[in-house]
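1. Sequence and computational prediction follow.
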4 protein chains.
Amino acid sequence: MSVREIKFVYSSPDRPKLRSPHLVCGFPGSGYVGKLAVDHLIQELPAKHLVDIYSSSFPPQIMIRTDGTADLMKNSIFWWQGEEGQGGTDLLLLTGDSQPSNPDSEYALAEEVLGIAAQFGTQQVFTLAAYITGVFVDKPKVFGTATDLETVKEFVAHNISTMDSGSITGMNGLIIGIAKLRDMKGICLLGETSGYVVDAKASKAVLETLLGIIDIKVDMTNLEKRAKDTEMLIHTIEQQMLASRGGGGKSLEGQQPPQKPRDTGYIS
Amino acid sequence: MSVREIKFVYSSPDRPKLRSPHLVCGFPGSGYVGKLAVDHLIQELPAKHLVDIYSSSFPPQIMIRTDGTADLMKNSIFWWQGEEGQGGTDLLLLTGDSQPSNPDSEYALAEEVLGIAAQFGTQQVFTLAAYITGVFVDKPKVFGTATDLETVKEFVAHNISTMDSGSITGMNGLIIGIAKLRDMKGICLLGETSGYVVDAKASKAVLETLLGIIDIKVDMTNLEKRAKDTEMLIHTIEQQMLASRGGGGKSLEGQQPPQKPRDTGYIS
Amino acid sequence: MSVREIKFVYSSPDRPKLRSPHLVCGFPGSGYVGKLAVDHLIQELPAKHLVDIYSSSFPPQIMIRTDGTADLMKNSIFWWQGEEGQGGTDLLLLTGDSQPSNPDSEYALAEEVLGIAAQFGTQQVFTLAAYITGVFVDKPKVFGTATDLETVKEFVAHNISTMDSGSITGMNGLIIGIAKLRDMKGICLLGETSGYVVDAKASKAVLETLLGIIDIKVDMTNLEKRAKDTEMLIHTIEQQMLASRGGGGKSLEGQQPPQKPRDTGYIS
Amino acid sequence: MSVREIKFVYSSPDRPKLRSPHLVCGFPGSGYVGKLAVDHLIQELPAKHLVDIYSSSFPPQIMIRTDGTADLMKNSIFWWQGEEGQGGTDLLLLTGDSQPSNPDSEYALAEEVLGIAAQFGTQQVFTLAAYITGVFVDKPKVFGTATDLETVKEFVAHNISTMDSGSITGMNGLIIGIAKLRDMKGICLLGETSGYVVDAKASKAVLETLLGIIDIKVDMTNLEKRAKDTEMLIHTIEQQMLASRGGGGKSLEGQQPPQKPRDTGYIS
């Protein structure tokens, strides 16, 4: 891997035959909203491994697994062939340990990932991200933006709140921005999250919205379990916050979250 | 778009026939002095779109528009063919969302922009910038520097204050510095501004000076409206500043700006 | 040496004949644990100089020697041919003044070093590093991770504590991570150290563990002397720490180190 | 000038015939010790302009001259042919507005400069630098290091204090370090300076030492005038320092500098 190079390690010399698969990206980011959703998809479909992507722009380190072995940071793409009953939809699914550590390499990785997708005829690209509000909510909303107006107009039918200002930084933004330059449609779906915890609840909301759009059904049990864990974690944090404010012995049932979500938030 | 690459997306395969057009650059910067001026020119002439310029050195993000769609950061060049009555002057007009985020890429973008201009035979390059003083003034002055002494000598006739020290950083400086290496004339015009607000008043001053030099007439109504807004904004800020100093119930009419402009200032 | 280039200066046009030598890397890092160990090996075997490696990513400076002469920062590889009685093991030994100053160049240098080793048929790569705990210990443990599970399973036989989480940053991690991509085995051995001092005691522990694995015997006298110095230095620091806590006139004999080592530590 | 490129603008298509000229570099740095010395040499010999060197690693800005014109940052090399009576010594003299702004580019510029010198057969390279002590001295010493031991041994004959530890950062170090890799001799001479002022006195000391080594005579009047200015400036600063310590009305004649120079200092 020479300087600023990106290296692909395919798990097989053969490529699957896919019909213009949607590319769905779950980069690690705030609350792991996107990554949890895509990892769940990969596990439940289940999807098959296509390629590992190594980059000299990933943090220069190895991560140690629980079995004592260690590996470089990487991104990976999996693939899934939908049955006809599933609307004939095929998928490419990207998950990763890291985003590139500098802007130039973010652009470069986005190009490379889209280059792989283009070989399979991908015409639509989704990135799943976090919409950070700094407050806890019971039912996270899903926000969205797209690179074309037609797609934006369909948001309301899928109960997606259309964003009308701000920016989306990092791979979640770049991938769909560059997709547009390649004549692909790009959609970013963002799950409302506090930004304070790994938020499987926000993941679940985003994933359900995505599955509604692409008309695929997936067993949500495992993600729902994790979402319950998130709920309990948030509940505990809220109790501690109230306690530290001298909340006395009152019941917390039906309490509002400490702050109302703001209209605009930090996105990543 | 590979690492540190710059990508051009032309709106047409045909190129306009232009007669050694002046290149006028309005990069985003302090007070948006240059960008407001060039955006006004593009709108009022009106100028036609030539090319979008994407760079992996622009901030890695997409910006969301009010209609819900999103786009990569970019710079754009427009063109305009003057009628004979307008002195036969043609123009290339650069406006953008961002300047490159690192020095190497600033040099690279400056080269690329001048390369495009060179294809049309450009011999004179203007950058419009801000001369930051930290104070509010009623009538912003226009400062200038150029890459050749003949042009500097003509400044006085256009009521431009010649700078005699300091430096101009970023694209506004580099574009004209590199223009000189390519045997083009480079001129930087800087509008006096506080640096605290988006300053359409300074923009108007710079644009009028430019139009005087290149002998082109443009309807200034829209920019004048924005300049009035700037004036009112400054007035409000000044009132607040005086009020917070315990100014009592005195009239603010005819008050001086809180500080006299210094002789030298920060330029960007 | 052009931008981001790596330059090799071999001490001879001929290459030694080596039988799949193990590569052992002692980069400068916390406590100089790895570098001291490899420098000792080079001196005692003794190993012969193969190549100096210069890189534009090393700090841009020259280091002045005690004789008044100055040199660029560099890494160097030495080689050693084991006798048959030594199990036929050959070695490549890397020591250096510096690690690269940016991530991209760390990846690049790791690739280049492994490229050299590959020419000799290297199949196993060791990096010697520091396991930082922030506390002083009498008998430093040796921790380890590897890129394959078989090697990890052998750790217990060599009294190596297997790591099961965390990451190893910098060259010590990258070299073995990239080795795996090249179908070499990678092992990182880390000596427990406070991180506060140049720690020859930790070096000795790591080196003895390595020599046990690769079945090579080396005179340890010089390193043991340095380890004694480390012990005295630590003893002095501990006394000062106790004194500054108002420890009165009590004896320090048999005292515990001020803190117990934590289970997990910072690794570098 | 593309990304990270270095651009040469020669003042003539013809190259002077030079006999293995010494390269003497005066990069801008602490106290402008080196740059003042080389600029004086260029003016007094006088030397002729060979080439301007532009680099995308120089700060992205133009500098405005007193006549109102502006220029990119650059380095320049001048040449001088010694008469036979001058020992037949020829010179290449480098002066500049800036050092590169990142390490990779410092290595690259050093290579390029030495590449130009190599075309003329240069075998010996001098960099003139500052030895910063943080204190004012009446008679600045000259320190030195070299890439070969023979040269170091000659230092004492030229009243140069041989450095025996530490490092020299930036172009002053890299140029001679890389010169060694190209089989040229490299010598760095450092003038003792406080680091607080532009120090023509230190420049004069360094230049006199250099001229002694290369056996060239130059009118020092102008530099001596500037050195007098430095002396007066330092005197003024010292008076202010004493005054601010409540020194009363005592005479300052014959006073010691406020601190003794330390043995080792910061070098740049």
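-> Everything's here; your move.

2. CA only for contacts and neighbour counts going forward, please
-> Will do.

3. Which of the helices or strands spans residue A:23?
-> Following DSSP states H and E, one finds residue A:23 within strand A:22-26.

4. for residue A:234, same thing?
-> Using DSSP H and E, residue A:234 sits within helix A:221-244.

5. related to what we said a few turns ago, ok, the strand holding residue A:23: who's next to it in the sheet?
-> Note on strand A:22-26: by DSSP bridges, its sheet partners are strand A:90-96 (parallel), strand A:124-132 (parallel).

6. Correct me if wrong: residue A:143 contacts residue A:193.
-> No - with contact defined as Cα atoms under 8 Å, residue A:143 does not count as touching residue A:193 (11.0 Å).

7. shared neighbours of these two, which are they?
-> Listed as contacting both residue A:143 and residue A:193 by Cα atoms under 8 Å, 6 or more residues apart in numbering or on different chains are residue A:131.

8. excluding its backbone neighbours, what's nearest the residue in the stretch 51-200 of chain A that chain D sits nearest to?
-> Per Cα to the nearest Cα, residue A:104 is where the stretch 51-200 of chain A lies closest to chain D, at 12.6 Å. Once flanking residues are discounted, residue A:104 sits nearest to residue B:56: 5.0 Å by Cα to Cα, 6 or more residues apart in numbering or on different chains.

9. next one: residue A:73
-> Counting by Cα to Cα, 6+ apart, residue A:73 lies nearest to residue A:97, which is 5.7 Å off, once chain neighbours are set aside.

10. Local confidence estimate at that neighbour?
-> Residue A:97 carries a pLDDT value of 94.

11. So it is in contact with residue A:63, correct?
-> No - assessed by Cα under 8 Å, residue A:97 is found out of contact with residue A:63, at 9.3 Å.

12. residues shared between the contacts of the two?
-> Joint contacts of residue A:97 and residue A:63 (Cα under 8 Å, 6+ apart) are residue A:73.

13. what's the least confident helix or strand in chain A, going by average pLDDT?
-> Ranked by mean pLDDT, DSSP states H and E, the weakest helix or strand in chain A is strand A:266-267, scoring a mean of 47.

14. Okay, and the beta partners of residue A:6?
-> Residue A:6 has the following beta-bridge partners by DSSP bridges: residue A:55.

15. count of neighbours near it?
-> Residue A:6: 17 surrounding residues under other Cα atoms under 10 Å in any protein chain shown.

16. Enumerate every residue touching it.
-> Residue A:6 is in contact with A:53, A:54, A:55, A:56, A:109, counting by Cα under 8 Å, 6+ apart.

17. mind running it again at 10 Å?
-> Counting by Cα atoms under 10 Å, 6 or more residues apart in numbering or on different chains, residue A:6 touches A:53, A:54, A:55, A:56, A:57, A:58, A:105, A:108, A:109, A:112.

18. Export the residues you listed as CSV, with columns for distance to residue B:120, neighbour count and pLDDT.
-> Formatted as CSV, the contacts of residue A:6 follow (distance: Cα to Cα, whole Å; neighbours: other Cα atoms under 10 Å in any protein chain shown; pLDDT from 0 to 100):
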residue, distance to residue B:120, neighbour count, pLDDT
A:53, 43, 18, 97
A:54, 43, 21, 96
A:55, 40, 28, 94
A:56, 40, 25, 93
A:57, 39, 27, 92
A:58, 42, 24, 95
A:105, 33, 26, 91
A:108, 31, 24, 93
A:109, 34, 27, 95
A:112, 34, 19, 95
